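1. Mind folding the following:
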Amino acid sequence: MSSLDSASLPFAQEWYNDAKQSNEWDARCCSLGAYLRLSILCGGSDISNHIQWLIEEGITAEHIGELIAGLCDRLIADGFPIWRGSISMPSIHPMYGGVSANFVRGGATTIENAEYGTAGVLNFEKTPIYFLLGRGETSGRWNIAKGEGVDDYPQLAEFAHGGGTDHLVSLLEFPKEAALRGVSLSLTSDRPGGFSDDQLAIVAKLFPALGLACYRIAASKTASDILAVYTGAKTSARILAGDIQRGKGGAINAAILLADLRNFTALTEVYQPGEIAGFLNEHFELIGWHVEENSGEILKFMGDSVLAIFPTDAEDPQKACMAALASARNILEANKVLNDQRRNDGGPDIGVDVVLHLGEVFYGNIGARGRLDFTVIGSAVNEASRLEKLCSTLGHHLLMSESFARTSAVASECLGSFELRGVSKAVNVFKLADAVS
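-> All right, here's what the predicted structure looks like:
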């Protein structure tokens with residue numbers, strides 16, 4: 001049997017002397033016995049060391065994989081017969097319903113995001129976690145060596161086939177103000193007899209600290225992920241860095257891409273709102289994909305339009321222009337493919353018009369004191385919006401301003417000089433030299 005470490009002995013001696021002077025001798029002796037027993041079972045170290053580690057790791061860790069891997073390694077070092085361990089949590093994300101970190105002794109710890117509609121989400125009802133949630137219970141144990149749960153849960157059948165003997169699941173509920181409802185800890189043993197009751201008691205004492213660490217990591221990741229979803233990765237990074245005061249921002253030079261779905265308003269009189277939303281999502285998805293693949297960022301969805309920017313390098317503005325042009329070309333090609341597919345299903349043909357412009361914009365916080373928008377404003381944005389109206393008039397799906405055409409140095413053709421509403425001077429408008437109506 002292991003001896004207590006030097007950090008534990010002073011505490012025990014002080015505790016013993018204090019107890020002799022009180023009327024709580026019997027009760028304290030029982031508590032001290034439990035304390036010493038847990039310390040011995042934890043390899044001679046104070047269990048508070050594990051709790052301290054969980055708290056410190058919860059402050060610094062970037063993902064829950066670091067928690068489950070580190071905790072399992074520490075407990076294995078203390079003699080726990082852990083073969084597998086996992087932490088599972090719900091996600092607040094438009095694409096993922098949940099996340100899990102999975103530890104295997106001697107192997108790599110993996111992170112899995114369960115996408116909506118995938119087998120992982122659909123099969124959640126066939127898990128011990130779902131069973132406990134349905135019964136309102138916070139813990140469960142299955143002796144899989146004796147076949148418990150093997151016929152009910154495919155995961156336990158897999159573990160049993162691999163040599164698993166004992167499976168433990170613990171649940172912890174979080175505050176209910178957000179969809180981060182809680183966390184689950186699952187531990188599987190491959191030792192005959194599985195976990196001892198004393199080891200389960202230690203896990204129970206560690207679980208609240210683990211849950212707190214998971215909550216911190218999940219809350220931080222949710223904030224950054226959701227902010228990026230709603231504002232864009234680059235913009236969200238600036239917001240999280242503290243760039244949040246109204247009016248705070250600055251002038252930047254950027255290539256501007258404005259995409260608008262042609263004659264989309266007329267569709268709202270023919271199709272139901274749910275169908276309209278579906279059409280928008282299909283087109284916005286392909287626009288967003290091709291903007292982001294060329295390092296651009298969508299700043300705003302405006303009805304049936306998309307505003308995106310490609311910030312320029314002061315020494316090489318052509319690079320941003322070429323990235324925006326590549327996005328525009330890919331958008332038009334992908335939109336054609338999407339329309340062909342939809343037309344085959346009897347759906348509408350929805351054209352997209354794209355305008356490319358280059359200029360200086362103010363990039364920062366605009367809005368009311370308690371409701372801000374991190375976006376771009378300025379004459380260049382207004383000019384791009386006015387240019388888009390010429391697409392249908394001139395019969396072209398892609399138009400460029402003179403500043404963009406000259407800087408990109410792409411082969412182009414001037415379509416003429418046009419007056420734009422709200423713009424004092426007539427502007428020259430260009431199309432690609434190889435473009436057809």
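
2. can you pull the contacts of the closest residue to L307 other than its chain neighbours?
-> The spatial neighbour of L307 that comes closest, neighbours along the chain excluded (C-beta to C-beta, 6 or more residues apart in numbering), is K300 at 4.5 Å. Yep, even glycine has a C-beta here, placed from its N, CA and C like the rest. Shown in contact with K300 (C-beta atoms under 8 Å, 6 or more residues apart in numbering): V306, L307, D373, T375.

3. ok, the third one to M302 distance?
-> The gap separating D373 from M302 is 11 Å, by C-beta to C-beta, to the nearest Å.

4. neighbour-wise, which of the two wins?
-> The residue with more neighbours, out of D373 and M302, is D373; 14 against 11, by other C-beta atoms under 10 Å.

5. Name the nearest residue to the more buried one, ignoring sequence neighbours.
-> G367 (4.9 Å).

6. My read is that A69 contacts I111, right?
-> No: the pair A69 / I111 is not scored as a contact, 10.6 Å apart, by C-beta atoms under 8 Å.

7. Run the chain-centre distance for the biggest helix by length in the chain.
-> Using DSSP state H to define each element, the chain has its longest helix at helix 197-231. Centre-to-centre, helix 197-231 and its host chain are 15 Å apart (C-alpha atoms, centre = their mean, to the nearest Å).

8. That one: what's the following helix or strand?
-> helix 233-240 (DSSP states H and E).

9. thinking again about what came up before, and the next element down the chain from the helix or strand hosting the residue nearest to L307?
-> Assessed by DSSP H and E, K300 sits inside strand 297-302. Later in the chain than strand 297-302, the nearest helix or strand by DSSP H and E is strand 305-311.

10. and that next one, what does it pack onto?
-> strand 249-261, helix 273-292, strand 297-302, helix 317-344, strand 371-377 (3 or more C-beta pairs under 8 Å, 6 or more residues apart in numbering; DSSP states H and E).

11. In CSV: those, plus mean pLDDT.
-> As requested, these are exported to CSV (pLDDT from 0 to 100):
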stretch, mean pLDDT
strand 249-261, 94
helix 273-292, 96
strand 297-302, 93
helix 317-344, 96
strand 371-377, 91
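
12. deepest of the ones you listed, which one?
-> Mean neighbour count (mean count of other C-beta atoms under 10 Å) peaks for strand 249-261 among the helices and strands packed on strand 305-311, with a mean of 22.

13. How far does the helix or strand following it sit from its chain's centre?
-> Sequence-wise, the next helix or strand downstream of strand 249-261 (DSSP H and E) is helix 264-267. How far helix 264-267 lies from its chain's middle: 33 Å, per C-alpha atoms, centre = their mean.

14. The residue nearest the centre of the chain and M95: what is the separation?
-> Residue closest to the average C-alpha location in the chain (C-alpha atoms, centre = their mean): D225, at 4.0 Å. Note on D225: its distance to M95, by C-beta to C-beta, is 10 Å.

15. now do G107
-> Counting by C-beta to C-beta, the gap from G107 to M95 is 27 Å.

16. element containing R84?
-> Under the criterion of DSSP H and E, R84 resides in strand 82-90.

17. now swap in G65 and tell me
-> helix 64-77.

18. what angle do that helix and helix 197-231 make?
-> Helix 64-77 and helix 197-231 meet at an angle of 170 degrees, taking axes from the mean of the first three to the mean of the last three C-alpha atoms, to 10 degrees as the criterion.

19. ok, and for helix 64-77, which residues are buried?
-> Buried residues in helix 64-77, counted by 16 or more other C-beta atoms under 10 Å: I64, G65, E66, L67, I68, A69, G70, L71, C72, R74, L75, I76.

20. And the next helix or strand past the helix or strand of the chain with the lowest mean pLDDT?
-> Sorted by mean pLDDT, DSSP states H and E, the helices and strands of the chain end with helix 25-41, the least confident at a mean of 44. Using DSSP H and E, the helix or strand that follows helix 25-41 in sequence is helix 47-60.

21. where does this structure have low pLDDT?
-> For the chain, the stretches with pLDDT under 70 are 1-46, 119-122, 177-178, 435-437.

22. counting contacts, what elements does the lengthiest strand in it pack onto?
-> Identified as the longest strand of the chain according to DSSP state E is strand 352-368. On a contact count with 3+ C-beta pairs under 8 Å, 6+ apart, strand 352-368 meets strand 249-261, helix 317-344, strand 371-377, helix 379-388, helix 390-394, strand 398-401, helix 402-408.

23. now it: how far from the chain's centre is it?
-> 26 Å.

24. Okay, angle between that strand and strand 297-302 too, please.
-> 90 degrees.

25. What residues sit buried inside strand 352-368?
-> For strand 352-368, by 16+ other C-beta under 10 Å, it's 352-359, 361-366.

26. okay if I get the residues you listed as JSON lines plus distance to Y153?
-> Formatted as JSON lines, those follow (distance: C-beta to C-beta, whole Å):
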{"residue": "V352", "distance to Y153": "48"}
{"residue": "D353", "distance to Y153": "53"}
{"residue": "V354", "distance to Y153": "51"}
{"residue": "V355", "distance to Y153": "55"}
{"residue": "L356", "distance to Y153": "55"}
{"residue": "H357", "distance to Y153": "57"}
{"residue": "L358", "distance to Y153": "59"}
{"residue": "G359", "distance to Y153": "60"}
{"residue": "V361", "distance to Y153": "55"}
{"residue": "F362", "distance to Y153": "57"}
{"residue": "Y363", "distance to Y153": "52"}
{"residue": "G364", "distance to Y153": "52"}
{"residue": "N365", "distance to Y153": "50"}
{"residue": "I366", "distance to Y153": "52"}
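
27. R421: which of these is nearest?
-> V355 (14.6 Å; C-beta to C-beta).

28. Ok, which of the helices and strands packed on strand 352-368 comes nearest F418?
-> Going by C-beta to C-beta, the one of the helices and strands packed on strand 352-368 nearest F418 is helix 390-394, 6.2 Å.

29. And that closest one, what does it pack against?
-> strand 352-368, strand 398-401, strand 427-432.

30. Identify the residues contacting it?
-> 260, 262-263, 353-355, 397-399, 415, 418, 429, 431.

31. tell me which of those is nearest to A314?
-> Nearest member of these to A314, counting by C-beta to C-beta, is V355, at 23.6 Å.

32. T138 is nearest to which of the helices and strands packed on strand 305-311?
-> helix 273-292 (38.8 Å).

33. Report the angle between the closest one and helix 317-344.
-> 150 degrees.

34. Now do helix 273-292: distance to the chain's middle.
-> 20 Å.

35. which other helices and strands contact it?
-> strand 249-261, helix 264-267, strand 297-302, strand 305-311, helix 317-344.

36. what's next to the shortest one, contact-wise?
-> Contacting residues not belonging to helix 264-267 are listed as I276, F279, L280, D304, P348, I350 [C-beta under 8 Å, 6+ apart].
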